[in-house]
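Chemist: sharing a model that was predicted from the sequence below.
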Amino acid sequence: MLKIAPSILSADFANLGAEIERIQAAGADLIHVDVMDGHFVPNITIGPLVVSAIKPKAKLPIDVHLMISEPDRYLDAFKDAGADIITVHAEAVHHLHRTLSYIRSLGVKAGVALNPSTPESAVDYVLEQVDMIVVMTVNPGFGGQSYIHAMDEKIKRIRQKIDEKGLQIDIEVDGGVNEKTISRIIEAGANVVVAGSAFFGSQDPNAFVQSLRRHERP
């Protein structure tokens with residue numbers, strides 16, 4: 001089943017509580033939190049304090065995407081803040097297997113993200129430690145970018161790896177998700193999509209979510 005994860009990167013931070021309610025009222029499945037440090041990616045966003053602030057209002061799992069250098073230093077802080085899923089970038093850690101195992105030991109789901117130029121082989125030896133693989137379909141750092149079509153094949157190859165091993169791993173696509181790209185994303189094999197500017201820029205978020213769901217596989 002398709003899972004939809006609106007990203008609060010595009011939310012109105014002056015009314016963040018109301019924006020969380022808006023995500024939940026629209027029928028989404030996850031609350032996606034993009035954490036950027038101005039070093040690993042060219043932007044600075046939020047930290048554990050914001051996650052802890054939205055946790056009391058969150059009826060959906062909080063999906064934290066760490067686009068930061070040295071993410072191991074902050075895993076406990078984000079777990080304590082209320083993260084249900086913590087994703088780190090393969091490019092940002094020295095010992096990916098160890099990091100993913102530690103995330104799971106905290107009692108939360110572990111995700112690994114791959115930038116567009118990172119081959120899918122980066123996850124070959126950590127599949128047993130992963131609950132979700134995030135395929136970046138834009139270069140991370142800013143919302144509102146266009147989907148990189150070459151990522152279709154990467155998604156397909158990752159789905160094939162997962163299916164061949166008989167594992168239950170979500171594939172999340174982050175970047176350029178909208179009504180025009182959703183069909184190709186699902187066809188490639190992803191089952192979780194992050195939508196930021198497309199969701200919050202919609203006049204009717206509920207209708208937007210439903211428009212994505214219409215493309216679910218039967």
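Modeler: That came through, no problem. Here the structure is a predicted model, which is why all the values come from computation and not from measurement.
Chemist: next secondary structure after the single longest helix found in the chain?
Modeler: Longest helix in the chain by number of residues (criterion: DSSP state H): helix 151-165. Moving toward the C-terminus from helix 151-165, the next helix or strand (DSSP states H and E) is strand 170-174.
Chemist: that following strand: partners in the sheet, and parallel or antiparallel?
Modeler: strand 132-136 (parallel), strand 192-195 (parallel) (DSSP bridges).
Chemist: mind checking how far Asn191 is from Ala5?
Modeler: 11 Å (Cβ to Cβ, to the nearest Å). To be clear about C-beta, it is placed using only N, CA and C from the backbone, and glycine gets the same treatment.
Chemist: who has more neighbours, these two?
Modeler: Taking neighbours as other Cβ atoms under 10 Å, Asn191 and Ala5 compare with Ala5 leading, 27 against 18.
Chemist: residues in contact with that one?
Modeler: Neighbouring residues of Ala5 by Cβ atoms under 8 Å, 6 or more residues apart in numbering: Ala28, Asp29, Leu30, Ile31, His32, Asp63, Glu172, Val192, Val193, Val194, Ala195.
Chemist: that one in helix, strand or coil?
Modeler: strand (DSSP: H, G, I helix; E, B strand; the rest coil).
Chemist: let me see the ranges of the strands in the protein.
Modeler: 3-6, 31-36, 62-67, 85-89, 109-114, 132-136, 170-174, 192-195 (DSSP state E).
Chemist: need the contact list for the closest residue to Ser101 other than its chain neighbours.
Modeler: Nearest non-adjacent residue to Ser101, counting by Cβ to Cβ, 6 or more residues apart in numbering: Gln129, 5.3 Å away. Contact analysis of Gln129 by Cβ under 8 Å, 6+ apart lists His97, Leu100, Ser101, Arg104, Ala110.
Chemist: got the residues you listed as TSV, with distance to Phe199 columns?
Modeler: Shown next, in TSV, are these (distance: Cβ to Cβ, whole Å):
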residue	distance to Phe199
His97	34
Leu100	28
Ser101	33
Arg104	29
Ala110	25
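Chemist: poorly predicted segments of the protein, please.
Modeler: Under the criterion pLDDT under 70, the flagged ranges of the chain are 218.
Chemist: overlap of the contact sets of Asn191 and Ala5?
Modeler: Counting by Cβ under 8 Å, 6+ apart, the residues touching both Asn191 and Ala5 are Glu172.
Chemist: which residue sits closest to Val193, ignoring its sequence neighbours?
Modeler: Val177 (4.6 Å).
Chemist: can you pull the buried residues of stretch 55-62?
Modeler: Of the residues in stretch 55-62, Ala58, Leu60, Pro61, Ile62 count as buried by neighbour count, 16 or more other Cβ atoms under 10 Å.
Chemist: now that stretch - C-alpha only, CSV.
Modeler: Coordinates of the C-alpha atoms in stretch 55-62 are reproduced here as CSV (Å, rounded to 0.1, in the frame of the first residue of the first chain):
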residue,chain,number,x,y,z
LYS,A,55,5.4,14.9,19.0
PRO,A,56,2.5,15.6,21.3
LYS,A,57,0.3,16.6,18.3
ALA,A,58,1.5,13.7,16.1
LYS,A,59,-0.9,10.8,15.7
LEU,A,60,1.2,9.5,12.8
PRO,A,61,4.8,8.1,12.9
ILE,A,62,7.5,10.8,12.7
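Chemist: which other residues reach that stretch?
Modeler: 17, 20-21, 23-24, 28-31, 33, 51, 54, 81-85.
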